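I would like the atomic coordinates for the input below:
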Amino acid sequence: MLFSTGASVVAIVTVAGIVVVRGPSPGDGALDAAAGRDAAEMVELQFSPADSAVDVPLDSSITVHITAGHLDLVTATGALGAPVEGTTDADGTTWRFDGPLAPGTTYSVIADGTTPAGEPIHGAATFTTVTPSDVLTPRITPSDGLIVGVGQPIVVRFDSPVTDQQAMLRRLTVTMSAPVPGAWHWFTETEVHFRPKDYWPAGEHVTVTVDLAGYDNGDGVWGDGVHTSEFTVGDSHISTVDLEAHTMTVTDNGQVERTMPVSAGRDKYPTMTGTHIALYRQRDVLMDSSTVGIPRNSPDGYYEHVYWDVAITDGGEFVHAAPWSASAQGNRNVSHGCVNLSEADAEWFFNFSRMGDVIDVVNGPRPPELADHGVMDWNTPWEVWLAGASPDRPSVR
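Alright, predicted model coming up:
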C-alpha cells in the first residue's frame, strides 16, 4: 500500500505486527533515493494494533508513533464512528489510548505528522477486536441506594469462576466517606466479600466499583463493563440473644431499646452461636420442615405460615413471632433453631431491623458454620480474613 509525504511516494509495510509507514528522511528527494538508505534513517509512522488485525484482545492499547519529527493529528474511532480520545506525549512523537477496547468492534486510526524536513506524512490502520465466547458479569450486594446495618459486608458474586483472584482484586474499589481499615476475602472462586476490620461507622457512605472492562478471564471469557453500587450505613443496631438467659437485648447506637424474652433452639436443634447479620426481612414465610431435612409428617415436622421474620442465617434460622411457644419464652428453649418472640415483640423487631444489623447469639453449644452467609463474615478471624486479601490491598480508599 502506498502513502504520500508531500510530493514523495512512500511504502507501508508490516513489521512484527506493527503497521509502519515509511517516508523519506531529511534530504531525500524521492523513493528511489530513499530506498538505498538503511531503514533506521527513514521516518516512520508505526501503528499498533496492525492494519487489518483481527481478534485483538480487549486489554490492548492503541498507539501511533512517529520515529522522527512530530505527530500533528491522530483521529481514532470505534463503533458507529464514536471518537476514541487518546493522549500525545510531551515530545509529540507518540499518541496512546490505553483502553479498554469494546468487544467485536472495528476501530479506525488516522495519523498525520511532519518529518524533520518539514514534509507531511500520513497513515491509517483499521483493526477488529475479539468477540468473547462468554461474558463475566458481577452482582453486587448491597444494591444501589440501600441503607444497611453496621455489619453488612460487601458481596460480589460472579456468574462464572474467576481464574486470577489477585488480578480481580485490583479491579475492585471501595471508596468510603470516612475511611476505615477493611479488606477483601474470597470464600469461593465466584464470591468475594469486603468488610471493615470492625463494624462500619454509622452514617458511612460507601461506593463499590467493579471494573471488568477489558478484563481477560481466560478461555475467551472477558469482563463486562464497569459496575457500581452506592449505599449508606444506618444507625448501629446490635442485638444479643442469650441462649441461657432466654433473652434478647436490642441496642440502638449503644443504647438499650428493649430486652425481650425468647425461646431458641432445643437441645436436638440448637441455635447457631456467633455473630449473625440480618440477611433480609419477610412479613410472612411459609416454613416447611422438609426443606431442612425434617419430614413434615414426623413428630418434629411442620408446615405453616410464620410472621414477622428476620432471617439470620441462610440455613433457615429466623427471629420471628411464635405464639405457640409463648409459655416457653424467657424460660426454656423449645424451637427448631429459630429465635421465638411474642407476636408484639416480633413485629417491633421486624420494623426496627434492616439488612446488615448485628445479632450476636451467645451461650450455646453450636458453633458458627462458616459456609453460612449469616455468620461467615464476622466469625472469620481478621488474620484469616486478611490471608484471603491482596497483600497490598490497593482497592480500599
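
where is the longest helix in this structure?
For the chain, the helix that runs over the most residues, judged by DSSP state H, is helix 343-352.

contacting residues around Leu212?
For Leu212, the contacting residues are 136-138, 171, 223-227, by CB atoms under 8 Å, 6 or more residues apart in numbering. C-beta here means a position set from N, CA and C on the backbone, and glycine is covered the same way.

next one: Pro142
Contact partners of Pro142, counting by CB under 8 Å, 6+ apart, are 148, 152, 154, 229, 231, 355-356.

if we can go back for a sec, buried stuff in the longest helix of the chain?
Going by neighbour count (16 or more other CB atoms under 10 Å), the buried part of helix 343-352 is 345-346, 348-350, 352.

rewinding a little: how about CSV for the contacts of Pro142, with pLDDT, distance to Arg283 and neighbour count added?
Formatted as CSV, those follow (pLDDT from 0 to 100; distance: CB to CB, whole Å; neighbours: other CB atoms under 10 Å):
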residue, pLDDT, distance to Arg283, neighbour count
Val148, 98, 19, 24
Gln152, 98, 21, 27
Ile154, 98, 27, 22
Ser229, 98, 26, 20
Phe231, 98, 23, 24
Met355, 98, 15, 22
Gly356, 98, 19, 24
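
so which of these is the closest to Pro57?
Of all those, Ser229 has the smallest distance to Pro57: 28.0 Å, by CB to CB.

does that closest one touch Phe194 like I think?
No. The pair Ser229 / Phe194 is not scored as a contact, 11.5 Å apart, by CB atoms under 8 Å.

name the residues contacting each of these two.
Both Ser229 and Phe194 are contacted by Val208, under the criterion CB under 8 Å, 6+ apart.

with just CA atoms, put stretch 48-67 into PDB.
Presented in PDB, the C-alpha positions along stretch 48-67 are these (Å, rounded to 0.1, in the frame of the first residue of the first chain):
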ATOM      1  CA  SER A  48      -0.400  -0.800  16.900                       C
ATOM      2  CA  PRO A  49      -2.500  -2.900  16.500                       C
ATOM      3  CA  ALA A  50      -1.500  -3.600  12.900                       C
ATOM      4  CA  ASP A  51      -3.700  -2.700  10.000                       C
ATOM      5  CA  SER A  52      -6.300  -5.400   9.300                       C
ATOM      6  CA  ALA A  53      -5.600  -7.200  12.600                       C
ATOM      7  CA  VAL A  54      -8.400  -9.300  13.900                       C
ATOM      8  CA  ASP A  55      -9.300 -10.800  17.300                       C
ATOM      9  CA  VAL A  56      -7.400  -8.000  19.000                       C
ATOM     10  CA  PRO A  57      -7.500  -8.500  22.800                       C
ATOM     11  CA  LEU A  58      -9.800  -6.100  24.700                       C
ATOM     12  CA  ASP A  59      -7.000  -5.100  27.100                       C
ATOM     13  CA  SER A  60      -4.800  -3.900  24.200                       C
ATOM     14  CA  SER A  61      -3.600  -0.300  23.800                       C
ATOM     15  CA  ILE A  62      -3.800   1.700  20.600                       C
ATOM     16  CA  THR A  63      -0.600   3.500  19.800                       C
ATOM     17  CA  VAL A  64       0.700   5.700  16.900                       C
ATOM     18  CA  HIS A  65       4.400   6.600  16.900                       C
ATOM     19  CA  ILE A  66       6.500   8.700  14.600                       C
ATOM     20  CA  THR A  67      10.200   7.900  14.600                       C
END
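
mind listing what's buried in that stretch?
In stretch 48-67, counting by 16+ other CB under 10 Å, buried: 48-51, 53, 56, 58, 60, 62-67.

just the contacts of Pro142 now: which is nearest Ala79?
Checking the contacts of Pro142 against Ala79 by CB to CB gives Ser229 as the nearest, at 26.9 Å.

strands paired with whichever strand or helix holds that closest one, and their directions?
Using DSSP states H and E, Ser229 maps to strand 226-233. Applying DSSP bridges to the sheet, strand 226-233 is found paired with strand 147-148 (parallel), strand 205-211 (antiparallel).

that older thread, quick one: contacts of the longest helix of the chain?
237, 239, 248, 250, 252, 257-258, 260-261, 281, 283, 307-310, 319-323, 341.

run the chain-centre distance for it.
Mean-position distance between helix 343-352 and its chain equals 34 Å (CA atoms, centre = their mean, to the nearest Å).

before we move on, what about stretch 225-235?
How far stretch 225-235 lies from its chain's middle: 11 Å, per CA atoms, centre = their mean.

do stretch 121-129 as well
On CA atoms, centre = their mean, the centre of stretch 121-129 falls 35 Å from that of its chain.
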